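>>> Provided below for reference: sequence and predicted model.
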Amino acid sequence: MRKGKKRLCYLVLTVVLVLIEVCIARFVHDKIIRPYVGDILVVMCVWGFVRIFVPEGCRLLPLWVFLFAVFVEVLQYFEIVSKLGLSGNRFLSVLVGGTFDWVDIACYVAGCLILAAAELIIAKRNPCTPEAGMTEDKA
């Protein structure tokens, strides 16, 4: 698949995931979907967004996404939004979040494991991609 087509697929995937996240945030107020599935989907959103710009290669992208998510969670632990005096900024408060939780990190692990499995499946379906550890012949 051409890079341009892959980028478009990742863009559509990211938009769909963001819309699902917004729907969960606005309309779902339960004890499973919102806190757990939402956190699993958020790492998938980040992964999809990065894949728009880097559609191939970067086999460790799920790991980098996980580390980024943990970094944001650590910012929550240190209450960075309020320490910067930005508590009144609803967008930043929602984006960064406000409460550190180990369960969130477990959800990020689950989401990134799903992403790593997806990366392996994608690599096996197209053995000439850098994810599969092979390069195309330049002959």
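Received it, and whenever you're ready, just let me know what you need. Numbering: from 1, shown residues only.
>>> who's in contact with the residue nearest in space to the middle of the chain?
The centroid of the chain falls nearest to residue 43 when counting by CA atoms, centre = their mean (2.4 Å). By CB atoms under 8 Å, 6 or more residues apart in numbering, the contact set of residue 43 is 65, 66, 69, 108, 111, 112, 115. Backbone N, C-alpha and C define where each C-beta goes, glycine included.
>>> make it 6 Å
By CB atoms under 6 Å, 6 or more residues apart in numbering, the contact list for residue 43 reads 65, 69, 108, 111, 112.
>>> ok, for the second one, nearest residue in space, not its chain neighbours?
If I follow you right, that is residue 69. Spatially, and ignoring its direct neighbours in sequence, residue 69 is nearest to residue 108 (4.2 Å; CB to CB, 6 or more residues apart in numbering).
>>> do you know how far the one you found is from residue 7?
Residue 108 sits 25 Å away from residue 7, going by CB to CB, to the nearest Å.
>>> do the same with residue 74
According to CB to CB, residue 74 and residue 7 sit 31 Å apart.
>>> And those two? Which one has more around it.
residue 7 (16 against 12; other CB atoms under 10 Å).
>>> Which secondary structure state is assigned to that one?
Here residue 7 is helix, with the state taken from DSSP: H, G, I helix; E, B strand; the rest coil.
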